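Peer 1: Kindly return the folded structure for what I paste below:
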Amino acid sequence: MNIRFGRYLTLCVALSGDPAIALPGFGEVRSAYTESDAWLLARDGRPLHSQRIDMSARRLPWTRVEEVSPALLRALLASEYKRFYEHAGVDWGAAAASAWRNLWNTKTRGASTLSMQLVGLLEEDATRRGRRSFAEKATQAAGALWLEQRWKKDEILEAYLNLAGFRGELVGVAAMSRGLFGKWPDGLDERESALAVALLRAPGATAQWVATRACGVLQVMAQLSRGKSGESGKLRPADCAGLEAQARLVFSGGRRESAENGGWLGREQSPGLAPHLARKLLAQPGERLKSTLDLDLQRFASAALQRQLRDLLRQNAEDGAVLAVDNASGEVLAWVGSSGALSDAPQVDGVVALRQAGSTLKPFLYALALERRDLTAASLVDDSPLAVTTGSGLYVPQNYAPQYRGWVSARMALGGSLNVPAVRTLVRIGPEVFRDRLRAYGFESLTESGDYYGFSLALGSAEVSLLMLANAYRTLANEGRWSPLRATRGEPRAPCREGGCSGVFDGSPHRAAGAAAAFIATDILADRAARAGTFGLESWLATPYWSAVKTGTSKDMRDNWCIGFSRRYTVAVWVGNAAGQAMHDVSGVSGAAPVWREVMDWLHRGDASGRPAVRSEAPPPPAGVLRQAIRFEPADKIREAPRQEWFVAGTGMSVVRLAEPKALARIAYPGQGTIIALDPDIPPERQRIVLQLSGKPDAGWQWRIDGETLGSAARETLWRPRPGRHRLAVVERGGREVEAVGFEVRALKGKAGR
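Peer 2: Residues are numbered from 1 along each chain as shown. A predicted model of the protein is given here:
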């Protein structure tokens, strides 16, 4: 009866050509197979990092049958499918007996061949567990016959090993081998293979049951070995000794390698170098996405950051981030988001975290002043105590160092990162104008008005990301031309678009600053002599090749930065604490600068592997820039030697002379672009604005607002504000304007019921 049924079923399959279920070919199955991880690749195709995407099951890359241990193959065939290479897909005698006993609910072992098991895995209901009915067994048998006619035996075996579930979330021989035994399938020995095969019968069984089953598998393997070799082949009791303990060990994860050490990863052995960027870019299981990162640079930058932070542990600095960018293409070459094991918050990506910018915004302020012709690089700025009246009270900026230098040129003020001259420059320009310019550089995190940030914006009170800073400095390197960054090869894919990524990977190229002003600001950042008063002639910032660089330290030493560029590369480094705790005596030059220098040096020096050295020479001046000799007078008050200086065309001078105090007076408040909000809780007739000059006015100077003369500028003048835009000027005797600014007064609605 069994033989007649088998012949009948075989005839049905032959006549119909297809079983009741649609089965794919081997090539289709392998192509459709998707591992649970996605891979981020370096620009040369080497693996950088893998990221788990599919949480429903753990599947590693497809494993060829040739990559499976012979011991595991013997165990598999010995345990379940001894006649695998002999039958045509169905063991008819065993199948009929099993179906008959199942009909009477008699407990018995199943009779499905490996081919039939594979059909079950390929069915749409492959996730269903439990016994199958006689009809289901028949359908499965028909599928197995169809499969055997079209697939090779080794293809059936290979597909089964990759699709079968072993234990828990482990699907496929690679995930099982790595997950339980910490090795690849080609390294499994007989005992490990027996344990693995035992799991196919009962993936959720206890260690005791699996060990008992594995011992039986070893017995059958010994018998088969005896039959082939003619030797005894009898299983020795010692061969099963300790199997239960071994099973408990592997089930508890004792032999498992962690994901951080590459234990779950594919045969490429991912070094786990770019976890933060991988989480942002990878979205599809099995995806292999080629990034713009340089694997060797990524590894070096990460190691350099960790070395520096180990030296700073006593100074309460444990976190950091590094970003390296190609100036011309905008391709990100290194993205190190944290210090890894040194950090208490390694998941936080320091590249995109928003933090106070410190002095890193000063180059953009001076470039704006140069472009507006409010300053030249030779203009004198007063570095002395300053108190500026604001809507919330007096703002009293102080230099990083306690001393003041008196009158200094804008070159020395920016090169030495002096705070008071920067604030005086912003008072002249206005916070709103500067805020708008920063937005043009890509600082889209500045969502408030300039009046909200106030004059402290000159000293970096606003929060920005390392990513934004890197691209803004790259904009200076590109003569003021802004363009988005890229993190992937081929079709661009933005890693993120919000927070610290906002506006960095999207947007149309545009000019953020004039080429002449950007060139002069860059020249100052590259001038060792200009920064010598603060940093000395020799420091981490003094490279043997041309480079322009700026450091920054935020309030209370919570963050320090070092961002700079050569002709080809921009490198940005942040050092601090992810939780925001203050560091102890760590400045930009002692914290972030050593890492910046190491990474920049790596980029420019060649190596024995064939990576060529990269030269970096000073850029040529663009059109609209002139250079001429200057000197400062009087020499006893201005302690700067004669030099060659760059000027925006039309602003050049040969002698810079300290003016009389009265000629230095300028409008201090309200500054250009200031927005003043009326207080709805104070009667309008009681609100006044104090008009201020930065110094003593000349005799006869008067205030004039919207064409109306208010009185002498020599005494305190209180003006009653009116909503709208206004033009304030100070005029000499005879009516000639000394200076004029525009500002706005806004009326706010009062509280409900008032």
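
Peer 1: Which parts of the stretch 151-300 of the chain are helices?
Peer 2: Listed in chain order, the helices found in the stretch 151-300 of the chain under DSSP state H, counting those that start in this stretch are 153-163, 173-176, 190-201, 207-229, 243-251, 275-281, 295-311.

Peer 1: what sits up against the fifth one?
Peer 2: The set of residues that contact helix 243-251 without belonging to it, under Cβ atoms under 8 Å, 6 or more residues apart in numbering, is 167, 180-181, 191, 194-195, 207-208, 210-211, 214-215, 255-256. In this view, the C-beta of every residue, glycine as well, is placed from N, C-alpha and C.

Peer 1: Report the two of the residues you listed separated the most.
Peer 2: By the measure Cβ to Cβ, 215 and 256 form the most distant pair in the contacts of helix 243-251, at 23.0 Å.

Peer 1: So if I had to pick from the two, which one is more boxed in?
Peer 2: residue 215 (20 against 17; other Cβ atoms under 10 Å).

Peer 1: still on that earlier bit, what about burial for the contacts of helix 243-251, which qualify?
Peer 2: 167, 180-181, 191, 194-195, 207, 210-211, 214-215, 255-256 (16 or more other Cβ atoms under 10 Å).

Peer 1: May I see these arranged in JSON lines, with distance to residue 297 and pLDDT as well?
Peer 2: Output for the buried ones among the contacts of helix 243-251, formatted as JSON lines (distance: Cβ to Cβ, whole Å; pLDDT from 0 to 100):
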{"residue": "167", "distance to residue 297": "40", "pLDDT": "90"}
{"residue": "180", "distance to residue 297": "36", "pLDDT": "92"}
{"residue": "181", "distance to residue 297": "35", "pLDDT": "91"}
{"residue": "191", "distance to residue 297": "44", "pLDDT": "92"}
{"residue": "194", "distance to residue 297": "46", "pLDDT": "92"}
{"residue": "195", "distance to residue 297": "43", "pLDDT": "93"}
{"residue": "207", "distance to residue 297": "47", "pLDDT": "90"}
{"residue": "210", "distance to residue 297": "47", "pLDDT": "92"}
{"residue": "211", "distance to residue 297": "49", "pLDDT": "92"}
{"residue": "214", "distance to residue 297": "48", "pLDDT": "91"}
{"residue": "215", "distance to residue 297": "53", "pLDDT": "92"}
{"residue": "255", "distance to residue 297": "35", "pLDDT": "58"}
{"residue": "256", "distance to residue 297": "32", "pLDDT": "55"}
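
Peer 1: and of the residues you listed, the nearest to residue 722?
Peer 2: Checking the buried ones among the contacts of helix 243-251 against residue 722 with Cβ to Cβ, the nearest one is residue 256 at 74.1 Å.

Peer 1: Please report how far residue 325 lies from residue 443.
Peer 2: Distance, residue 325 to residue 443, using Cβ to Cβ, to the nearest Å: 16 Å.

Peer 1: Oh, that last question was meant for residue 202, not what I typed.
Peer 2: Applying Cβ to Cβ, the value for residue 202 to residue 443 is 60 Å.

Peer 1: Okay, residue 62 and residue 299: tell me how far apart.
Peer 2: Distance from residue 62 to residue 299, counting by Cβ to Cβ: 28 Å.

Peer 1: Between the two, which has more neighbouring residues?
Peer 2: More neighbours surround residue 62 than the other of residue 62 and residue 299, with 22 against 17 (other Cβ under 10 Å).

Peer 1: show me where pLDDT drops low in the stretch 551-700 of the chain?
Peer 2: Along the stretch 551-700 of the chain, segments meeting pLDDT under 70 span 660-664.

Peer 1: Let me fix that, I meant to ask about the chain.
Peer 2: Where the chain drops to pLDDT under 70, the residues are 1-22, 80-83, 86-111, 124-138, 226-238, 254-270, 389, 391-394, 660-664, 749-754.

Peer 1: domains for it, by residue range?
Peer 2: Listed by automatic domain parsing, the domain ranges of the chain are 2-37+54-257, 300-604, 625-660, 662-747.

Peer 1: Return the most buried member of those domains.
Peer 2: Mean neighbour counts were compared across those using mean count of other Cβ atoms under 10 Å; the top stretch is domain 300-604, at a mean of 21.

Peer 1: For the residue nearest the centre of the chain, list the residues it contacts.
Peer 2: The geometric centre of the chain, computed from its C-alpha atoms, lies nearest to residue 277 (Cα atoms, centre = their mean), at 4.2 Å. Residue 277 is in contact with 40, 49, 291, 293, 332, 335, 337, 487, 495, counting by Cβ under 8 Å, 6+ apart.

Peer 1: where does residue 563 fall, phi/psi-wise?
Peer 2: Residue 563 has phi and psi values of phi -130, psi 130 when expressed as degrees, to the nearest 10.

Peer 1: Make 424 the starting number, not 1.
Peer 2: Sure, I'll start counting at 424 from here, so that last one is residue 986.

Peer 1: How much space separates the closest residue to it other than its chain neighbours from residue 1103?
Peer 2: Closest residue to residue 986 in three dimensions, ignoring its sequence neighbours and counting by Cβ to Cβ, 6 or more residues apart in numbering: residue 995, at 4.3 Å. Counting by Cβ to Cβ, the gap from residue 995 to residue 1103 is 43 Å.

Peer 1: Ok, residue 939 next?
Peer 2: Taking Cβ to Cβ, one finds residue 939 at 45 Å from residue 1103.

Peer 1: Tell me where the longest strand sits in this structure.
Peer 2: strand 1160-1170 (DSSP state E).

Peer 1: Give me the sheet partners of that strand and which way each runs.
Peer 2: Note on strand 1160-1170: by DSSP bridges, its sheet partners are strand 1098-1101 (parallel), strand 1147-1154 (antiparallel).

Peer 1: list the contacts for residue 1113?
Peer 2: 812, 1092, 1139, 1140, 1141.

Peer 1: Please apply the same query to residue 755.
Peer 2: Shown in contact with residue 755 (Cβ under 8 Å, 6+ apart): 700, 714, 715, 716, 746, 747, 748, 908, 909, 910.

Peer 1: Now do the same for it: helix, strand or coil?
Peer 2: strand (DSSP: H, G, I helix; E, B strand; the rest coil).

Peer 1: is it in a bridge, and if so with what?
Peer 2: residue 748.

Peer 1: Please name the residues that touch residue 614.
Peer 2: Counting by Cβ under 8 Å, 6+ apart, residue 614 touches 637, 641, 662, 666, 669.

Peer 1: ok, 7 Å please
Peer 2: 666, 669 (Cβ atoms under 7 Å, 6 or more residues apart in numbering).

Peer 1: got it, and residue 1028?
Peer 2: residue 1036.

Peer 1: just residue 946 next, same as before
Peer 2: Counting by Cβ under 7 Å, 6+ apart, residue 946 makes contact with residue 1069.

Peer 1: elements contacting the helix or strand containing residue 565?
Peer 2: Per DSSP states H and E, residue 565 falls inside helix 557-573. Packing contacts for helix 557-573, counted by 3 or more Cβ pairs under 7 Å, 6 or more residues apart in numbering; DSSP states H and E, involve helix 425-439, helix 515-526, helix 537-545.
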